[in-house]
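*Asks:* Any chance you could fold what I've pasted below:
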Amino acid sequence: MRSCFIALALVSSLLVTLPDTAQADRARHDNRLYLADRGEVPWQSLSPQEQDALREYRGNWEQYGGDRQERIRKGAQRYLELPPDERRKVEQKRREYQQLSPQERERLREEYQRRRN
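*Replies:* Numbering: from 1, shown residues only. Sure, this is the predicted structure:
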């Protein structure tokens, strides 16, 4: 009987020291709602495929405004819908762009903006 009481006391003490996963889940949920209220897209709300496609943005994701996050996310969704051969072309163009000088990149951005407007 005494050993049963000791075992019960041990289990009780362990339960008290375990983190409240429900509380942690509520905190994550509340944080997502807070970000959503501000128009932001929580990183955790992205699908695994979107997270993989946007991995280079992960470190700064929370610094982007909600509008920019949504534009980036939509770009990732369009990319994920492309057939594999089109994805390879996009990746090739991206690598070429990364090799340009800052001045050349700026020139291309300005040209893109002119054509877009």
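*Asks:* which element is Glu70 on?
*Replies:* helix 66-81 (DSSP states H and E).
*Asks:* can you state the direction angle for the next helix or strand after that helix and helix 66-81?
*Replies:* Past helix 66-81, heading to the C-terminal end, the next element that is a helix or strand (DSSP H and E) is helix 84-98. Note on geometry: by axes from the mean of the first three to the mean of the last three CA atoms, to 10 degrees, helix 84-98 and helix 66-81 are set 130 degrees apart in direction.
*Asks:* and helix 84-98, what does it pack onto?
*Replies:* Judged by 3 or more CB pairs under 8 Å, 6 or more residues apart in numbering; DSSP states H and E, helix 84-98 is in contact with no other helix or strand. From N, CA and C alone the C-beta is placed, and that goes for glycine too.
*Asks:* Contacts made by that helix with the rest, please.
*Replies:* Contact partners of helix 84-98, identified using CB atoms under 8 Å, 6 or more residues apart in numbering, comprise 79, 82, 105, 108.
*Asks:* Pull the CA coordinates from that helix and hand them back as CSV.
*Replies:* This file holds the C-alpha atoms of helix 84-98, laid out as CSV (Å, rounded to 0.1, in the frame of the first residue of the first chain):
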residue,chain,number,x,y,z
PRO,A,84,8.6,20.8,-63.6
ASP,A,85,10.2,22.1,-66.8
GLU,A,86,8.9,25.6,-66.2
ARG,A,87,10.2,25.5,-62.6
ARG,A,88,13.6,24.6,-63.9
LYS,A,89,13.5,27.7,-66.2
VAL,A,90,12.5,29.9,-63.3
GLU,A,91,15.3,28.6,-61.2
GLN,A,92,17.8,29.2,-64.0
LYS,A,93,16.6,32.8,-64.4
ARG,A,94,16.9,33.2,-60.6
ARG,A,95,20.5,32.0,-60.6
GLU,A,96,21.3,34.3,-63.5
TYR,A,97,19.7,37.2,-61.6
GLN,A,98,21.7,36.5,-58.5
